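> From the sequence below, what's the structure:
(4 chains)
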Number of protein chains: 2
Amino acid sequence: MTMLLEDDMAVTDVAEPFEMSLAAISKHLSILTRAGLISQEKRGRVKWCKLEPDAMRDASVWMQGFGQFEPVNLDAFERFLAAELADPSKTS
Amino acid sequence: MTMLLEDDMAVTDVAEPFEMSLAAISKHLSILTRAGLISQEKRGRVKWCKLEPDAMRDASVWMQGFGQFEPVNLDAFERFLAAELADPSKTS
DNA sequence: GAAATCGTCAACCGATTGGTTAAATATCCC
DNA sequence: GGGATATTTAACCAATCGGTTGACGATTTC
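Purely as a prediction, here's the structure:
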């Protein structure tokens, strides 16, 4: 899969690579916004969309511990992520 | 959310806490099996289900890197998980 | 061998999803 | 003001989803 939202993008920009109506894309983006996966800010007539990586990351944290009998230490996991995001060379 | 599948469970066991027909649960479990999230093995007349944590973990790995401009090092992430699962005291 | 248990299959159903078009609402630009 | 651009809304539609019930095959138990 390719990147969905790079930096801030207008609804029209997001829609461009898809062979789908703008209205459909607009609906999708509303749903993603309701879900907290992106945020939208209207400036003038264009509505700028940007990723909210925290939401996806939260889901990731939830999933990665799923089904573990001895649950993975989520604090340690989050520290790993924080370290990785701050300085990728540390964890590599 | 509570645990869905503890150790190995028969289809009937999985269905027990839900007020839903056995047929419906059976369908759900087939779907989960097709998706690789659980596996099913039929022994006699009972079909034993068990979680396949790797599938969920793979999804988690995919998600956790989503939307990162400077992508998180997935190898490091997987090493973290391996270490955590092998010996939780190491990462805590 | 008859009855009970385990699970699936087939047919069916209403609700939801995921898209379409067309019209409407703002905003920007000349 | 008027035309172009950006986005949302409303009505609509076919397809899919998520459940039901009842019949069925296979297995175990008595």
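
> contacts and neighbour counts: CA atoms only from here.
Will do.

> Which residue does chain A have closest to chain B?
Chain A approaches chain B most closely through residue A:60 (4.4 Å), counting by C-alpha to the nearest C-alpha.

> Can you get me a residue count around that residue?
Residues near residue A:60, counting by other C-alpha atoms under 10 Å in any protein chain shown, number 23.

> ok, it touching residue B:61?
Yes. Contact criterion C-alpha atoms under 8 Å: residue A:60 and residue B:61 qualify, at 7.1 Å.

> quick one on the thing from earlier: how about the residue of chain A closest to chain B: what's its closest non-neighbour residue?
residue B:60 (4.4 Å; C-alpha to C-alpha, 6 or more residues apart in numbering or on different chains).

> what's the spacing between the one you found and residue B:48?
Computed as C-alpha to C-alpha, to the nearest Å, the residue B:60 to residue B:48 distance reads 25 Å.

> show me where pLDDT drops low in chain A?
A:1-6, A:67-72, A:74, A:84-92 (pLDDT under 70).

> Kindly report the residues of it close to DNA strand C.
Within chain A, the positions lying close to DNA strand C (C-alpha under 7 Å from any atom of the strand) are A:19, A:20, A:21, A:22, A:23, A:24, A:28, A:43, A:44, A:45.

> Tell me where chain A has strands.
Applying DSSP state E to chain A gives strands spanning A:9-10, A:38-43, A:46-51.

> and stretch A:7-17 with DNA strand D, contact?
Yes. Part of stretch A:7-17 sits near DNA strand D under the criterion C-alpha under 7 Å from any atom of the strand, namely A:10, A:11, A:12, A:13.

> Make CSV from the residues you listed and add distance to residue B:33 and neighbour count to it.
Shown next, in CSV, are the residues of stretch A:7-17 next to DNA strand D (distance: C-alpha to C-alpha, whole Å; neighbours: other C-alpha atoms under 10 Å in any protein chain shown):
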residue, distance to residue B:33, neighbour count
A:10, 39, 18
A:11, 37, 18
A:12, 38, 15
A:13, 38, 14
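
> would a markdown table of the residues you listed with distance to residue A:33 be doable?
Shown next, in a markdown table, are those (distance: C-alpha to C-alpha, whole Å):
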| residue | distance to residue A:33 |
| --- | --- |
| A:10 | 14 |
| A:11 | 12 |
| A:12 | 16 |
| A:13 | 16 |
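
> Can you tell me the number of residues neighbouring residue A:42?
10.
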